[in-house]
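S.K.: I need the structure of the sequence given here:
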Amino acid sequence: MKPATTEKPSKLEHTVIDRQDRFTLETCMAIVLSVVVPTRNERENIGPLIQRLEAALSDLPCELIFVDDSDDETPGVIRGLRSSLPVRVIERQGEERRGGLATAVVAGIERARGEYVCVLDADLQHPPERVVTLLHQAQRTGADMVVATRYGAGGDLDGLGGWARQAASHLCKWLAQALLLDRVRTVTDPLGGFFLVRRALVHDVALRPMGYRTAMEILARARPAKVVEVPYELSPRQAGRSKASLRQGLVFLLHLFRLLREVPQAGRAWKFAFVGALGALVNLGLLFLLSATAGLPRGAAWLPAVEASVLHNFIWHQTFTWRDRREAGAGAWLRRATTFHLSVAGTVAINGTLFGLLSIVGAPLILAGLAGIAGAAVFNFVVGDRWVFKPLRAGKQPLGA
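M.R.: As a prediction, this is how the structure comes out:
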């Protein structure tokens with residue numbers, strides 16, 4: 001995985017292995033599963049967690065990686081426990097802790113050696129016994145990512161607490177799905193911290209999560225080709241205190257907007273609509289200036305106003321909405337500008353056709369107008385995505401990559 005920063009591995013990384021287990025190079029190469037557990041002041045939960053993971057994973061070639069930001073004895077407790085599984089503890093200090101749980105998960109994934117990486121919390125709200133189910137689902141279906149869901153059939157989030165926290169969880173989930181669209185929209189629980197991913201999927205992806213939403217980060221940036229879900233019941237916290245807070249809610253919103261800004265395919269339809277709205281303002285503003293201020297007849301003012309808005313939209317779609325598909329060279333720019341103008345002509349035709357047909361059958365004026373606009377917008381987006389700004393051919397790098 002491409003590092004998100006130039007941070008060097010911590011000097012405080014330790015390997016804790018049962019004395020009877022020979023952790024050879026061949027064993028490392030054969031690891032199927034790496035279990036990454038971010039910890040912060042979870043000393044009471046570590047013993048039961050490792051015990052339950054041992055029982056669940058006893059027949060698997062796997063490793064446990066604890067990434068610790070604790071101010072208590074959690075890392076010492078981990079190192080003091082004898083385990084039949086290979087265990088590593090990565091203690092982070094000072095600036096290494098910046099970003100909290102999210103960057104701890106990324107640090108664990110970067111150190112993982114298994115074919116698959118499973119992430120779960122240390123507070124026992126994520127049932128360790130379900131780790132094997134996630135792995136088997138990935139192997140059986142060929143999925144790049146398996147998400148444990150509290151919302152699907154068979155899932156339950158009663159362990160989250162009262163109605164207020166459950167309502168906040170639903171709201172954040174719907175907001176992420178509505179804004180980011182793409183892969184995030186297809187998952188019922190994109191904000192959970194319990195998931196499994198094929199390590200090769202994120203090998204060359206620069207992950208920059210914030211807060212607790214690493215699964216959302218991977219879905220948006222790595223775009224797994226196949227995602228499956230496994231239901232689970234969120235258990236009540238056994239010990240310690242929850243890290244959730246109003247501040248974490250604000251961090252979630254910042255994370256959403258970072259993904260919208262940095263990931264081209266995230267919320268592409270909303271970016272398209274935003275550019276279209278700006279283009280309408282350009283059209284109306286120039287039409288007013290040329291007609292009301294410069295004194296041109298309306299017919300003479302209309303054409304340059306339309307052309308200005310078309311060029312405005314094309315430039316912004318090229319550099320914003322579909323910036324991951326830009327091609328270098330004046331020829332490519334001219335070819336796409338021409339096809340964009342043709343698509344706009346098609347958009348006008350669709351708008352007029354729908355408006356005319358609905359008017360003939362007696363539909364109200366506003367309804368006919370809105371239907372024409374909606375149909376034209378859908379047509380324009382689909383044609384833009386599939387034809388004007390179609391994906392680049394395999395092996396061809398986009399401009400600025």
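
S.K.: which element is Val117 on?
M.R.: strand 116-119 (DSSP states H and E).

S.K.: Would you mind writing the CA trace of that strand as CSV?
M.R.: C-alpha atoms of strand 116-119 as CSV (Å, rounded to 0.1, in the frame of the first residue of the first chain):
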residue,chain,number,x,y,z
TYR,A,116,-6.3,-10.8,3.7
VAL,A,117,-6.5,-8.1,6.4
CYS,A,118,-9.3,-8.0,8.9
VAL,A,119,-9.9,-4.9,11.1
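
S.K.: Identify the residues contacting it?
M.R.: The contact list for strand 116-119 (C-beta atoms under 8 Å, 6 or more residues apart in numbering) reads 32-38, 105, 108-109, 131, 134-135, 138, 193-199, 214-215. All C-beta atoms are positioned from the backbone trio N, CA, C, and that covers glycine.

S.K.: Which of those residues fall in helices?
M.R.: Counting by DSSP state H, the part of those found in helices is Val105, Gly108, Ile109, Val131, Leu134, Leu135, Ala138, Thr214, Ala215.

S.K.: Could you export those residues as CSV, including neighbour count, pLDDT and distance to Val230?
M.R.: Output for those, formatted as CSV (neighbours: other C-beta atoms under 10 Å; pLDDT from 0 to 100; distance: C-beta to C-beta, whole Å):
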residue, neighbour count, pLDDT, distance to Val230
Val105, 28, 92, 19
Gly108, 23, 93, 21
Ile109, 22, 93, 19
Val131, 25, 95, 10
Leu134, 27, 96, 6
Leu135, 23, 96, 10
Ala138, 23, 96, 10
Thr214, 28, 91, 17
Ala215, 25, 91, 13
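
S.K.: Pick the one among those residues closest to Arg43.
M.R.: Gly108 (18.7 Å; C-beta to C-beta).

S.K.: I figured that closest one was touching Leu64, is that so?
M.R.: No. In this structure, Gly108 is not within contact of Leu64 by C-beta atoms under 8 Å, at 10.0 Å.

S.K.: if I look at those two, which residues touch both of them?
M.R.: In contact with both Gly108 and Leu64: Val37, using C-beta under 8 Å, 6+ apart.

S.K.: wouldn't Gly276 be in contact with Ala377 here?
M.R.: Yes. Between Gly276 and Ala377 there is a contact under C-beta under 8 Å: 6.9 Å.

S.K.: contact partners of the strand or helix carrying Arg221?
M.R.: Using DSSP H and E, Arg221 maps to helix 214-222. By C-beta under 8 Å, 6+ apart, the list of residues contacting helix 214-222 from outside reads 101-102, 105-106, 119, 144-145, 147, 176, 180, 182-184, 187, 189-193, 195, 197, 201-202, 205-209, 224, 227, 255, 259, 263, 266.

S.K.: again, only using 6 Å
M.R.: Here helix 214-222 makes contact (C-beta atoms under 6 Å, 6 or more residues apart in numbering) with 102, 105, 176, 180, 183-184, 190-192, 195, 201-202, 205, 207, 209, 259, 263, 266.

S.K.: Next, count neighbours for the closest residue to Ala273 other than its chain neighbours.
M.R.: Excluding the flanking residues, the one nearest Ala273 by C-beta to C-beta, 6 or more residues apart in numbering is Ala377, at 7.5 Å. Neighbours of Ala377 under the rule other C-beta atoms under 10 Å: 17.

S.K.: now for the helix or strand hosting Ala377, which elements pack on it?
M.R.: Per DSSP H and E, Ala377 falls inside helix 365-383. Counting contacts by 3 or more C-beta pairs under 6 Å, 6 or more residues apart in numbering; DSSP states H and E, helix 365-383 packs against helix 330-360.

S.K.: what angle separates the helix it packs on from helix 365-383?
M.R.: 150 degrees (axes from the mean of the first three to the mean of the last three C-alpha atoms, to 10 degrees).
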